[in-house]
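A.B. asks: Pasting the sequence and the predicted model now:
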Amino acid sequence: MNTKNVLIGLSIITFFSAFALVPQDKEPWEIPAKYKNMTNPYTDDIDDLVDYGADLYDKHCASCHGDDGIGDGSKADELKTYPGDFTSDEFKAFSDGEMYYMSIIGRDEMPNYEKKITDEEGRWAVIEYIKTF
């Protein structure tokens, strides 16, 4: 084999290997109707709520979703699917209730957080915090 053929072969392998390393997106979320129209009942002091949410996010979410919510946390590479980007227009288009369902109820690799974040105010605090990204 000549050098040119080797380089072409390596280029092809590299090109297709890159696609194998990109996390695959999941099917769209099927969110029950009762969640779609939910709204945050804890809006009296939104700044304190966001601060509370930041603490909970750092504890429970940042390892997968990253410090800036772009899906680059320290555990993200261990996942079969991309954990999502909270800064994206696509994510920001979800209603508060849809974000609640995805973040607290979860599915597949996104765990359920009802037992880890037991107070309802804390759950909504996380939602308000991720909306700041």
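C.D. replies: Here it is on my side, so go on.
A.B. asks: which residues of this protein score low on pLDDT?
C.D. replies: Within the chain, the stretches with pLDDT under 70 are 1-26.
A.B. asks: repeat that for 90
C.D. replies: Along the chain, the model assigns pLDDT under 90 to residues 1-28.
A.B. asks: Going along the chain, name the strands of it.
C.D. replies: Applying DSSP state E to the chain gives no strands.
A.B. asks: So which residues of it form helices?
C.D. replies: 3-21, 33-36, 46-60, 62-65, 89-92, 96-100, 120-130 (DSSP state H).
A.B. asks: Quick check, residue 117 in contact with residue 60.
C.D. replies: Yes. Residue 117 is within contact range of residue 60, at 6.6 Å (criterion: C-beta atoms under 8 Å). Every C-beta, even on glycine, is put in place using the N, C-alpha and C of the backbone.
A.B. asks: So residue 69 sits against residue 126, correct?
C.D. replies: No. With contact defined as C-beta under 8 Å, residue 69 does not count as touching residue 126 (11.2 Å).
A.B. asks: neighbour count winner among those two?
C.D. replies: residue 126 (26 against 23; other C-beta atoms under 10 Å).
A.B. asks: Many thanks, I have nothing further to ask.
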